[in-house]
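Novice: Provided below for reference: sequence and predicted model.
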Amino acid sequence: MSKFAPLWEYVAGQQGSELLLSFGQVEEICGLPIDHAFLNFKKELLAYGWQVKKISLKQQNDAFEKIEA
C-alpha cells in the first residue's frame, strides 16, 4: 500500500472534475510531509480515475483532474 493511498482515496471521493489542494492540506490528509517522492507516486492516482494536473511550487498547491472515460 502506497504512503499516498489516503490522498488518492480522498481525491477519488470528491465531486466535480477538478480539485485544488494546498501542500498543507495534502500533508494533513496523508499524515506525512510532502516530498519529492510525491512525483514518483503520483501515477498511482490514475488507478482511481484521477491525475495530477499541476504541481505549483510557487503557489504551494497541487491541482488534480478527473480522467474522462
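Specialist: Great, that's in hand.

Novice: Every contact and neighbour count from this point should use C-alpha atoms.
Specialist: OK.

Novice: The protein: helices as residue ranges?
Specialist: 5-12, 23-30, 37-41 (DSSP state H).

Novice: Of all those, which one is nearest Asn61?
Specialist: Of all the helices of the chain, helix 23-30 sits nearest to Asn61, with 5.1 Å by CA to CA.

Novice: tell me which residues of that closest one are tucked away?
Specialist: Phe23, Val26, Glu27, Ile29, Cys30 (16 or more other CA atoms under 10 Å).

Novice: Report the mean confidence score over that helix.
Specialist: Averaging pLDDT along helix 23-30 gives 95.

Novice: Same check on stretch 42-52?
Specialist: 95.

Novice: Can you point out the buried residues in that stretch?
Specialist: Glu44, Leu45, Trp50, Gln51, Val52.

Novice: Tell me which of the residues you listed fall in strands.
Specialist: Per DSSP state E, strands hold the following members of the buried residues of stretch 42-52: Trp50, Gln51, Val52.

Novice: Can you add distance to Gln15 and give these back as CSV?
Specialist: Below are these laid out as CSV (distance: CA to CA, whole Å):
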residue, distance to Gln15
Trp50, 12
Gln51, 14
Val52, 16
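
Novice: export the buried residues of stretch 42-52 to JSON lines and tack on distance to Trp8?
Specialist: Shown next, in JSON lines, are these (distance: CA to CA, whole Å):
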{"residue": "Glu44", "distance to Trp8": "8"}
{"residue": "Leu45", "distance to Trp8": "6"}
{"residue": "Trp50", "distance to Trp8": "8"}
{"residue": "Gln51", "distance to Trp8": "10"}
{"residue": "Val52", "distance to Trp8": "10"}
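
Novice: Identify the bridge partners of the closest residue to Ser56 other than its chain neighbours.
Specialist: Excluding its sequence neighbours, the residue lying closest to Ser56 (CA to CA, 6 or more residues apart in numbering) is Asp62, at 6.2 Å. Assessed by DSSP bridges, Asp62 has beta-bridge partners Leu21, Ile55.
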